[in-house]
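Asker: I'd like to go over a predicted model; first the sequence, then the structure.
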Amino acid sequence: MTTIPTPRKPWAATPKDRVRDLAILIGALVFTYYFVEITPMNGKLAYFSIFFLVYATFSGTYQGIKRGSAAAKDAIVNSIVVVGAVATLIPIGSILATVISKGYKGISFNLFTTDMSMATPTDPLTNGGILHAISGTLIMVLIALIISVPLGILTALYMTEIKGRFMRPIKFLVQAMSGVPSVVAGLFILSAILYPITKSFSGFMGALALSILMIPTIARTSEEVLLLIPSDLREAGVALGGTQWRTVAMIVLPAARSGLITAMILGVARIAGETAPLLLLTGGGDKVNGNPFSGPFGSLPYYIWKSFNSGSEEAITRAWAGLLVLIVIILILFISARSLSSRKVKR
Amino acid sequence: MSSAVEQVTPREITTEPRRSDRVFRGIVTAGGFSSLLILGLITAFLGYRGFEVILEEGFGFITNSDWSITTDEAGNVVESNFGLAAMLVGTILCAFIAVIIAVPISVFSALFLNFYAPNWLKRILIAIIDLMAAFPSILFGIWGFLVLMPSVEYWAKLINKYLGFIPLFEVKPYFVTRSPFVAGVVLAIMIIPIITSVSREVFAQAPLDRIQAAYALGATRWAMIKAVVIPHGRSGVIGGAMLGLGRAMGETVAVFTVLNIVFQVNWHVLLGAGGNVASLIILKFGDASPYEIKALMAAGLVLFVMTLGVNALADFIVKRTGKSGR
Amino acid sequence: MTSAEMLTPENPKVLGTGLEARGVHAWFGKNHVLSDINLNFAAGTVTALIGPSGCGKSTFIRTINRMHEFIPTAAMAGEVFLDGKDVYASGTDVTKIRLKIGMVFQKPNPFPSMTIGENVLSGLKLAQLKVPNKDDLLEECLTRAGLWKEVKDRLSAHGGSLSGGQQQRLCIARSLAVAPQVLLMDEPCSALDPGSTLRIEETIRELSDSMTIVIVTHNMQQAARVSDYTAFFLSDGGPGEMIETAPTSEIFSRPKDKRTEDYVTGRFG
């Protein structure tokens, strides 16, 4: 038996390479600092862009001298690509940091136990809370789920199980529907139901508009999930003499269960913070209202909107706190969707 | 082969579904058509409510930019003018600014995710970017107004200072607050996650054997991307950009918070006077008369048709990639 | 043609002084797939690597031009010398290595977005090389790949419009344009019909005057037809090993190892 050498990765960066990269980075940083200092430029933007230019030039020149013009271009594009990724991440970092740092001041016990019926947004933060908003959003999301889950899943089943003649047009329509501006969905409910039939604001109207926005998300995600179900499962069901209906109900849908739940969660995440249709349809009450069919109906986005537009410092803190609650909800929805779908992959 | 050979007619195979299956197929098909029904109803109802105004204003509904109602002392409407021109121009302007800013950033970050980032980082970043795509627009609006706007206005002043000789960047009178540029930057941040994930997906489908062929010919990573990945993904990226454009045109709350709405056509991107159809609806809805509501419905219809068109184009372009990207 | 003649080629076009693999091992993660390969490829010869599927032949040639490292979990040990220099030595520019060691893949893979002419010259563009006369180079490469007559009138057609065999010869022409010293061919005919296979084999014979060729093949007749030397690889469940290497005629007429004999006579594999 011959001795086996240890596996190596000769292509990985050597310590020498790392030192060199670090040297270029530090050199660019130092150069940028002094360059911005001696010129009349200032501000984060100046540092950021000059640093990028200097770094790209330094590494491009180095590679160009060492390995030729193709390598120089490659090195420059390297830096541009990283800038693209950083530019994508800066806003999300800033958004999260701001919401957390400004929002936590507005979080208190009474926030979750009281509503705004005895308070105005400009009151001190010890007055009032968002109970009405959370309960309102919850009820509307539930109603929207009841309406859009069947429609969304039926649409997905049409595309994966029936594969009818109209599959392509319907696929397009679902895609088009996901592009319907939320304010248009609101206007539609206003024109089709609120004005001619109910003639008053209510949570149900808001939920209807939210359903329109939710159906395409559920339909598309469910379709993707159902397509992952191997077709031999379906054939097995039919070959055993089952009807298509039984095969779908007993085999296909249960097999796709966790994926379908993911679809619902993503649908909820899509609409939880939707604001514009609620401004048109719900009337935005300040009091906990358990009846979605009558009376002004509060919701988190409406609360945030109203507080933000009240303008005082307390009101804006209220808006940030509301946003923090909203983001936490969306984050929880997202993490549960992810863990569900990753579990499915493992199985 | 001669014609003497008798043609074999194919036997038709028909399956007669059982009743339960027929019911099942009927229900599923009906559900499948819900999207058609809803989109049809949207068009019908907005059209029905708005047609009075559209008839009254005629073509001017799109070409005029005056939005005013004159009432006499008793509160009766004497004269009303509804024109969307300024809002339409503003909508398109903001959306285009957003797309122009977002596309390069998205393409580069999609390239970073696919070809540069190590696997662990890639997974984290994809999760973060997907999360960002689910952020509500009110969040972008408030953050944009309170945090981003001061910086963007500073950038706007810089652009005006150094590039002000270009008519597009002219600011007269000097007023840069809440300009279309600001709204465009906020919208760009909103659509970057969308365009990034579409681009990432089309780039990931670039054929591996061509990628290897390029590397085997001594290509650097960028040379490979330019020769294989970009040609493969080009129309997918354009489709993604159109999706982003559609989203940006329909965005309401985020634009409303950061844009100064003025009923005058303005092409100067840095000047603090813009328009946006969706924001107009929110702005005017609160104290609108029944007749003005009808005008808003008509405006909604115009917006709806516009986003539908952009989405159809996006869909068409993305579909074409599927065929040509062998 | 005897192999002894090929060892000392008089053709002035021969580039370099050959290729040598010394103690090459390869891993994918913890999986040891290739063990201790020592092979010498003299300049201007054709060497065929034969053996059953999964014995590490393809992995081996991908370690030669450093394509192995594209699999994230990959690792290796040993050295590969080109002109006496280790291609894995630290500070080596990997793109330059791949310029000197060309590769033709199992499935023809012309760039779909480029025309026939652009495909041939794509290597120059990718590596930013300059040549005095592109048209001459284009004609020369296509001629050497045996494709010039068929495509000279439609150089601006897309590569995808060619037949499979033509596409593969286009890929060979593309590799030739950057003037490699070594050409690695990974089962270049396995996706082609017999006629096209024959054309490619002719091309290989003609090219062997001017470069060192390593060809992986499952087809033993092909190995016998085109190669000067043959190396037999085998994996008995563990990492792939090289069992035997010798001039091709010897491998097929009097193999030293029993396993080689079993394989070349078709008793397994």
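Answerer: The structure has been received and is ready for your questions.
Asker: and the pLDDT at the residue of chain A found nearest chain C?
Answerer: Using CB to the nearest CB, the closest approach of chain A to chain C is made by residue A:7 at 3.5 Å. Every residue, glycine included, has its C-beta placed from N, CA and C. Listed pLDDT for residue A:7 reads 87.
Asker: run through the strands of the stretch 101-250 of chain B in chain order.
Answerer: Applying DSSP state E, counting those that start in this stretch to the stretch 101-250 of chain B gives no strands.
Asker: now do the stretch 101-250 of chain A
Answerer: Going by DSSP E, counting those that start in this stretch, the stretch 101-250 of chain A shows no strands.
Asker: where does the prediction get shaky in it?
Answerer: Scanning the stretch 101-250 of chain A for pLDDT under 70 picks out nothing.
Asker: now the helices: where do they sit in the stretch 1-150 of chain C?
Answerer: Taking DSSP state H, counting those that start in this stretch as the test, the helices found in the stretch 1-150 of chain C are C:3-7, C:57-64, C:94-100, C:116-127, C:134-144, C:148-151.
Asker: nearest residue to the middle of chain B?
Answerer: residue B:246 (1.6 Å; CA atoms, centre = their mean).
Asker: would you mind measuring from that residue to residue A:179?
Answerer: Applying CB to CB, to the nearest Å, the value for residue B:246 to residue A:179 is 5 Å.
Asker: who touches both of the two?
Answerer: Contact criterion CB atoms under 8 Å, 6 or more residues apart in numbering or on different chains; residues shared by residue B:246 and residue A:179: B:307, B:310, B:311.
Asker: indicate which one of the helices of the stretch 1-150 of chain C is closest to chain A.
Answerer: helix C:116-127 (5.6 Å).
Asker: what is the closest one packed up against?
Answerer: Judged by 3 or more CB pairs under 8 Å, 6 or more residues apart in numbering or on different chains; DSSP states H and E, helix C:116-127 is in contact with helix B:221-224, helix C:94-100, helix C:134-144, helix C:164-176.
Asker: can we see that at 6 Å?
Answerer: helix C:134-144, helix C:164-176 (3 or more CB pairs under 6 Å, 6 or more residues apart in numbering or on different chains; DSSP states H and E).
Asker: now the helices for chain A?
Answerer: With DSSP state H as the criterion, chain A has helices at A:15-38, A:44-67, A:69-103, A:131-157, A:167-178, A:182-189, A:203-228, A:231-239, A:244-247, A:253-255, A:257-271, A:276-281, A:300-310, A:313-346.
Asker: among those, which comes closest to residue C:18?
Answerer: The minimum distance between residue C:18 and the helices of chain A falls on helix A:44-67, with 25.1 Å, by CB to CB.
Asker: tell me the gap between that closest one and the middle of its chain.
Answerer: Chain-centre distance of helix A:44-67: 34 Å, with CA atoms, centre = their mean, to the nearest Å.
Asker: cool, and stretch C:18-31?
Answerer: Chain-centre distance of stretch C:18-31: 16 Å, with CA atoms, centre = their mean.
Asker: in it, what counts as buried?
Answerer: By 16 or more other CB atoms under 10 Å in any protein chain shown, the buried positions in stretch C:18-31 come out as C:18, C:19, C:20, C:21, C:24, C:25, C:26, C:27, C:28.
Asker: test of understanding: give the bridge partners of residue C:246.
Answerer: residue C:230 (DSSP bridges).
Asker: what about it, how many residues nearby?
Answerer: Residue C:246 has 19 neighbours, counted by other CB atoms under 10 Å in any protein chain shown.
Asker: same deal with residue B:174?
Answerer: By other CB under 10 Å, neighbour count at residue B:174 equals 10.
Asker: can you count the residues close to the residue nearest to residue B:72 when sequence neighbours are not counted?
Answerer: In space, and not counting its chain neighbours, residue B:72 is closest to residue B:78: 5.3 Å by CB to CB, 6 or more residues apart in numbering or on different chains. Neighbourhood size, residue B:78 [other CB under 10 Å]: 8.
Asker: all helices of chain B, in order?
Answerer: B:19-32, B:34-57, B:60-63, B:85-111, B:119-133, B:137-143, B:149-163, B:180-204, B:208-216, B:221-224, B:230-250, B:253-258, B:277-285, B:290-324.
Asker: if you compare those helices, which one is most tucked away?
Answerer: helix B:253-258 (a mean of 28; mean count of other CB atoms under 10 Å in any protein chain shown).
Asker: quick one: list the elements packing against that one.
Answerer: Checked by 3+ CB pairs under 6 Å, 6+ apart, helix B:253-258 has helix B:137-143, helix B:180-204, helix B:277-285 packed alongside it.
Asker: just the pLDDT for the residue of the stretch 201-326 of chain B found nearest chain A.
Answerer: Scanning the stretch 201-326 of chain B for the residue nearest chain A gives residue B:250, at 2.7 Å (criterion: CB to the nearest CB). Among the per-residue scores, residue B:250 holds a pLDDT of 92.
Asker: was I right about it contacting residue A:181?
Answerer: Yes: between residue B:250 and residue A:181 there is a contact under CB atoms under 6 Å: 2.7 Å.
Asker: quick check, central residue of chain C?
Answerer: residue C:184 (1.6 Å).
Asker: and that one, what are its bridge partners?
Answerer: Counting by DSSP bridges, residue C:184 forms beta bridges with residue C:103, residue C:214.
Asker: so who does it touch?
Answerer: C:61, C:65, C:103, C:214 (CB atoms under 6 Å, 6 or more residues apart in numbering or on different chains).
Asker: swap the cut-off to 8 Å and go again
Answerer: If you count contacts by CB under 8 Å, 6+ apart, then residue C:184 has C:61, C:64, C:65, C:101, C:102, C:103, C:104, C:213, C:214, C:215 around it.
Asker: any idea how far chain C is from residue B:133?
Answerer: 27 Å (CB to the nearest CB, to the nearest Å).
Asker: that residue contacts residue B:195, correct?
Answerer: No: using CB atoms under 8 Å, residue B:133 is not in contact with residue B:195; the gap is 10.0 Å.
Asker: kindly report the residues of chain C close to chain B.
Answerer: Taking CB under 8 Å from any CB of the partner chain as the measure of proximity, chain C contacts chain B at C:65, C:67, C:70, C:72, C:95-99, C:102-103, C:105, C:107, C:109, C:111-114, C:122-123, C:125-128, C:160, C:171, C:174-175, C:178.
Asker: change it to 6 Å
Answerer: C:95, C:98, C:99, C:103, C:109, C:111, C:112, C:113, C:123, C:126, C:127 (CB under 6 Å from any CB of the partner chain).
Asker: buried members of these into PyMOL, please.
Answerer: Entered in PyMOL, the line below selects the buried ones among these, by 16+ other CB under 10 Å:
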select buried, chain C and resi 95+98+99+103+109+111+112+113+123+126+127
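Asker: redo the residues of chain C next to chain B as JSON lines? Include pLDDT.
Answerer: Below are the residues of chain C next to chain B laid out as JSON lines (pLDDT from 0 to 100):
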{"residue": "C:95", "pLDDT": "89"}
{"residue": "C:98", "pLDDT": "92"}
{"residue": "C:99", "pLDDT": "90"}
{"residue": "C:103", "pLDDT": "94"}
{"residue": "C:109", "pLDDT": "92"}
{"residue": "C:111", "pLDDT": "92"}
{"residue": "C:112", "pLDDT": "88"}
{"residue": "C:113", "pLDDT": "87"}
{"residue": "C:123", "pLDDT": "91"}
{"residue": "C:126", "pLDDT": "89"}
{"residue": "C:127", "pLDDT": "87"}
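Asker: and the residues of chain C next to chain B, which is closest to residue C:47?
Answerer: residue C:103 (14.7 Å).
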